[in-house]
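Trainee: structure for this input, please:
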Amino acid sequence: MRAAWGSKMIETRAVLASMAVAFAGLAGCGHSSNNQLPPAAAKPDMIVTFDATRHTCVVALYSEAQGSSVACGDVVPFARDELRLASGSSYETRADPGTDQSDIAKVESSLKDAGYRSIAAAQK
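Mentor: Now for the predicted structure:
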């Protein structure tokens, strides 16, 4: 009789221990309020493409198939006034081969000064 009672106690402890392990494993599952998208999954609000042939920038919302060709010096006013993107919005730059790196740096600097955030900087 005692042997049967002892084995049931061990069996109950084993079940409780396995349940505790299972619940501990589930504790990491679910939604957390501080989760953020990994940088690679982040989508920019705006894409600026440098057209080396025409010496212009093509600016588009991420959701647009085609953008608007504007002078590269006018990217910030265009983003603010035409696209209505507030300071703090994100952007990504793309460049045709042969684009002058100083032109890219000027536009990125003006976007940063206006408060826009580079997605590429977040991915580095």
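
Trainee: wait, is Ala65 part of a strand?
Mentor: No - counting by DSSP: H, G, I helix; E, B strand; the rest coil, Ala65 falls outside a strand, being coil.

Trainee: relative to Ala52, how far out is it?
Mentor: Counting by C-beta to C-beta, to the nearest Å, the separation of Ala65 from Ala52 is 21 Å. From N, CA and C alone the C-beta is placed, and that goes for glycine too.

Trainee: which one's more surrounded, these two?
Mentor: Neighbour totals were compared for Ala65 and Ala52, and Ala52 leads with 13 against 6 (other C-beta atoms under 10 Å).

Trainee: ok, that one - contacts?
Mentor: Neighbouring residues of Ala52 by C-beta atoms under 8 Å, 6 or more residues apart in numbering: 95-100.

Trainee: so the nearest residue to Ala79 once chain neighbours are set aside: helix, strand or coil?
Mentor: Nearest non-adjacent residue to Ala79, counting by C-beta to C-beta, 6 or more residues apart in numbering: Leu85, 4.7 Å away. Here Leu85 is coil, with the state taken from three-state DSSP.

Trainee: any idea of the pLDDT on Leu85?
Mentor: Listed pLDDT for Leu85 reads 97.

Trainee: so who does it touch?
Mentor: Counting by C-beta under 8 Å, 6+ apart, Leu85 touches 45-46, 61, 79, 116.

Trainee: show me what the nearest residue to Thr56 once chain neighbours are set aside is bridged to.
Mentor: With sequence-adjacent residues excluded and distances taken as C-beta to C-beta, 6+ apart, Thr56 is closest to Ser69, at 4.9 Å. Beta-bridge partners of Ser69, counted by DSSP bridges, are Val58.

Trainee: correct me, but Ser69 touches His55?
Mentor: No - if you go by C-beta atoms under 8 Å, Ser69 and His55 don't touch, sitting 10.5 Å apart.

Trainee: show me where the chain has strands.
Mentor: Along the chain, counting by DSSP state E, strands occupy 46-51, 56-61, 68-70, 90-95, 117-118.

Trainee: what is the neighbour count of Glu82?
Mentor: Neighbour count of Glu82, defined by other C-beta under 10 Å: 12.

Trainee: tell me the pLDDT of the nearest residue to Ser87 once chain neighbours are set aside.
Mentor: Closest residue to Ser87 apart from its sequence neighbours, by C-beta to C-beta, 6+ apart: Gly115 at 3.1 Å. In this model, Gly115 is scored at 97, pLDDT.
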